[in-house]
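Asker: Give me coordinates for this.
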Amino acid sequence: MKHKLFCISLYVGFLFLAGKVQAQWSGDMIYPVDEKPVPCRILAANSAQIQYKLLTNQQGGIQKIPKEEMLLAFKGNGSFMLPSAFGEWVQGADPKVHKIITRDQKILPAKYVAVEEDKVTYQDTASQKSYDINTGEVLLIIYKDGGHQMIADPADAAQGLAQVASRLDTYANVAPASATASTQATEASPYVNLTEAELRAFQEKAEQKGKDLGRYLSLISNKQKSDEDKIYAVDAAANLFVNDSAKVEVSTLGRAEKKQYPIKFYLNRLRLLPYDRVELVWIKAEMVSRFYKGDDGRYYGTITAQQLFRGFVDNKIQYQDVTEKNIEVVLGQYEVFDQGAKKQRWEVFLSDISVQQTRER
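Answerer: Numbers count the residues shown, from 1 in each chain. So this is what the prediction gives:
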């Protein structure tokens with residue numbers, strides 16, 4: 001297998017870093033024994049082998065991997081195959097929930113998942129509470145869109161999947177004993193005391209602000225717009241945020257490091273990108289969590305969005321990617337005087353923006 005894998009090692013290098021949590025993958029993937037994962041397009045499978053084409057060489061010949069050389073295979077729709085049942089695909093994805101598979105053989109359904117180097121934070125689908133789990137206790141995540149993310153070594157993940165495969169359709173909504181409620185969603189920090197109608201209204205307002213941000217980002221990056229229009233868009237976009245100290249995280253394909261910039265700096269940086277033309281499209285800005293009370297007394301929620309970016313020089317694409325982002329939303333109160341009486345009003349502001357995944361377009 002080594003000679004087959006060498007040609008794609010550079011391609012997957014930014015996804016699979018030694019000692020690091022691996023990135024989410026949305027296509028077909030084969031995990032060989034003692035080798036790097038193989039991004040590919042699976043063509044056929046039987047009880048003896050899998051046939052596939054390398055993702056980096058779709059015009060090349062058909063590759064084969066026998067049962068005894070494979071730990072696990074995943075398709076882009078979330079189905080997987082194990083050596084113990086070679087030739088049979090098990091559907092692991094559920095279009096309604098993400099699934100976190102733990103080392104103690106629990107399947108945790110989640111409405112929202114965020115992965116860091118040392119912990120996995122997820123929102124429980126039933127209680128709507130957020131929990132933190134040490135990454136050492138998690139094997140992998142199967143996302144509702146069919147993508148998957150290896151947290152543990154693939155050999156451990158394959159053993160764990162073999163134990164829970166029969167329960168993937170009847171998973172229990174139980175948090176692991178070692179999971180701790182997030183500091184932003186504990187019993188001591190209850191949800192906002194608002195009616196369902198008010199909550200829906202604020203969620204809609206938050207989503208609209210997320211969409212407004214995308215509209216301003218497109219305007220700021222548009223090389224055909226005047227500087228006056230761009231400066232207006234920078235100010236308008238900045239006013240969507242709770243304050244100027246809000247941070248925006250950015251990432252680039254091929255670079256593991258993520259950088260953070262204050263919102264105003266980020267917006268002006270976007271305005272000055274060194275391309276002749278920029279296409280920036282902001283899609284799927286939607287609320288994925290209820291508002292909850294943080295330790296600072298404010299109330300928070302999360303919006304997810306996808307950013308499609310293309311930079312052109314001489315009408316040729318020089319760079320393009322798709323970035324999945326989480327936008328923290330702050331729901332705060334402020335005082336107004338109405339007919340001489342002091343009253344409290346609620347307003348929604350955007351806060352820090354983090355990168356969840358950057359992938360090729």
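Asker: Partner strands of the helix or strand where Glu324 lies and their direction?
Answerer: When elements are defined using DSSP states H and E, Glu324 is found to belong to strand 316-338. For strand 316-338, the pairing partners within the sheet under DSSP bridges are strand 299-313 (antiparallel), strand 341-359 (antiparallel).
Asker: closest one to Phe202 among these?
Answerer: Relative to Phe202, the nearest member of the strands paired with strand 316-338 by CB to CB is strand 341-359, separated by 5.7 Å. Using the backbone N, CA and C atoms, a C-beta is placed for each residue, glycine as well.
Asker: hmm, back to that, what's the least confident stretch among the strands paired with strand 316-338?
Answerer: Least confidently modelled of the strands paired with strand 316-338 is strand 341-359, at a mean of 80 by mean pLDDT.
Asker: What residues sit buried inside that one?
Answerer: Within strand 341-359, the residues that count as buried by 16 or more other CB atoms under 10 Å are 346, 348-359.
Asker: low pLDDT regions in the stretch 51-200 of the chain?
Answerer: Flagging of the stretch 51-200 of the chain using pLDDT under 70 yields the residue ranges 170-196.
Asker: Quick one: the helices in it, in order.
Answerer: Per DSSP state H, counting those that start in this stretch, the stretch 51-200 of the chain carries helices over the ranges 154-164, 196-221.
Asker: Turn those helices into a markdown table, columns for mean neighbour count and distance to Val242.
Answerer: Compiled in a markdown table, those are given as follows (neighbours: other CB atoms under 10 Å; distance: least, CB to CB, whole Å):
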| stretch | mean neighbour count | distance to Val242 |
| --- | --- | --- |
| helix 154-164 | 18 | 39 |
| helix 196-221 | 17 | 11 |
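Asker: The ones you listed: which one's closest to Phe74?
Answerer: Shortest separation from Phe74 across the helices of the stretch 51-200 of the chain is recorded for helix 154-164, at 9.8 Å, computed as CB to CB.
Asker: Can you spell out which helices and strands pack onto the closest one?
Answerer: Judged by 3 or more CB pairs under 8 Å, 6 or more residues apart in numbering; DSSP states H and E, the packing partners of helix 154-164 are strand 70-74, strand 98-102, strand 138-142.
Asker: Centre of the chain to the last one, how far?
Answerer: I take that to be strand 138-142. When distances are taken as CA atoms, centre = their mean, to the nearest Å, strand 138-142 is centred 14 Å away from the chain's centroid.
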